[in-house]
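Chemist: need coordinates for the following:
(one chain, ligands or ions: 3)
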Amino acid sequence: MNPSPNLFLVGPTGAGKTTIGQRLAAHFGLPFVDLDVEIASRYGDTVTAIFKREGEAGFRSRESAHLDEFSRHQGIVLATGAGAVLDPLNRDALISRGTVLMLGVDVDEQLDRLRDDGTRPMLAGDDRRGRLQSLADNRNHLYEDIADLIFHGRHEGVDSALPRAIALLERHWKRC
Ligand SMILES: Nc1ncnc2c1ncn2[C@@H]1O[C@H](COP(=O)(O)OP(=O)(O)OP(=O)(O)O)[C@@H](O)[C@H]1O
Ligand SMILES: O=C(O)C1=C[C@@H](O)[C@@H](O)[C@H](O)C1
Ligand SMILES: [Mg+2]
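Modeler: Ligands and ions are numbered 1, 2, ... in the order given. Sure, this is the predicted structure:
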């Protein structure tokens with residue numbers, strides 16, 4: 001069904017890269033890899049702890065190394081971190097090694113989905129709305145630039161979003 005070797009998920013925090021990614025992988029019978037989880041498990045620490053210890057730059061260099069490694073696999077679903085698209089080399093690797101699916105989500109929905117979540121270092125501190133808006137302003141065009149497909153998240157549950165995402169991918173792959 002998938003003529004492309006890999007499916008890469010990009011998009012803002014809370015867009016569903018992990019949640020929808022796992023379900024898409026199960027549906028298509030492909031292994032699922034979450035870059036944030038891989039980085040945390042490789043270094044035996046949480047993403048938040050790596051940010052604290054090494055700063056954002058330290059985390060980004062680990063993220064790029066892992067993205068390069070995993071994007072070379074064949075036939076996986078890879079959920080990237082929301083900031084992975086900042087590095088142009090990461091963007092090139094994603095474009096050239098698989099189908100890139102952007103999961104889009106608006107700030108109101110992000111605030112709702114991540115209401116009780118304290119695990120995202122980029123969202124630490126006050127004014128979550130302002131932070132999310134500024135991340136969207138800086139990054140949405142980067143996701144859009146590399147996306148083969150854009151899935152617009154609605155105010156709906158995962159069970160309702162999943163079949164729409166599957167249909168979008170199947171239509172795309174049929175055309176390839
Ligand atoms: N389409 C959806 N509809 C409703 N809730 C969703 C949807 N996608 C994700 N969620 C919920 O939003 C929360 C965040 O989703 P998830 O962790 O998958 O986002 P993410 O894109 O991986 O974020 P990050 O970049 O921070 O890792 C989870 O609680 C998840 O259940
Ligand atoms: O928005 C970001 O830059 C991040 C998102 C997460 O997926 C993690 O990769 C990390 O917390 C950084
Ligand atoms: Mg995630």
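Chemist: tally of neighbours for the closest residue to residue 128 other than its chain neighbours?
Modeler: Nearest residue to residue 128 in three dimensions, chain neighbours excluded: residue 111, at 6.3 Å (C-beta to C-beta, 6 or more residues apart in numbering). All C-beta spots, glycine's among them, are computed from the backbone N, C-alpha and C. Neighbour count of residue 111, defined by other C-beta atoms under 10 Å: 14.
Chemist: so residue 111 is in which element?
Modeler: Using DSSP states H and E, residue 111 sits within helix 107-113.
Chemist: need the residues that contact the helix or strand that that helix is followed by.
Modeler: Next helix or strand after helix 107-113 toward the C-terminus (DSSP H and E): helix 128-146. Here helix 128-146 makes contact (C-beta atoms under 8 Å, 6 or more residues apart in numbering) with 10-13, 82-83, 85-86, 91, 94-95, 100, 102, 104, 107, 110-111, 114, 122-123, 125, 150.
Chemist: which strands or helices does the longest helix along the chain pack on?
Modeler: The longest helix of the chain (DSSP state H) is helix 47-71. Under the contact definition 3 or more C-beta pairs under 8 Å, 6 or more residues apart in numbering; DSSP states H and E, helix 47-71 sits against helix 35-42, helix 88-97.
Chemist: and the angle for it with helix 35-42?
Modeler: Put simply, helix 47-71 runs at 110 degrees to helix 35-42, going by axes from the mean of the first three to the mean of the last three C-alpha atoms, to 10 degrees.
Chemist: what residues of helix 47-71 count as buried?
Modeler: By 16 or more other C-beta atoms under 10 Å, the buried positions in helix 47-71 come out as 47, 50-51, 59-60, 62-64, 66-67, 70-71.
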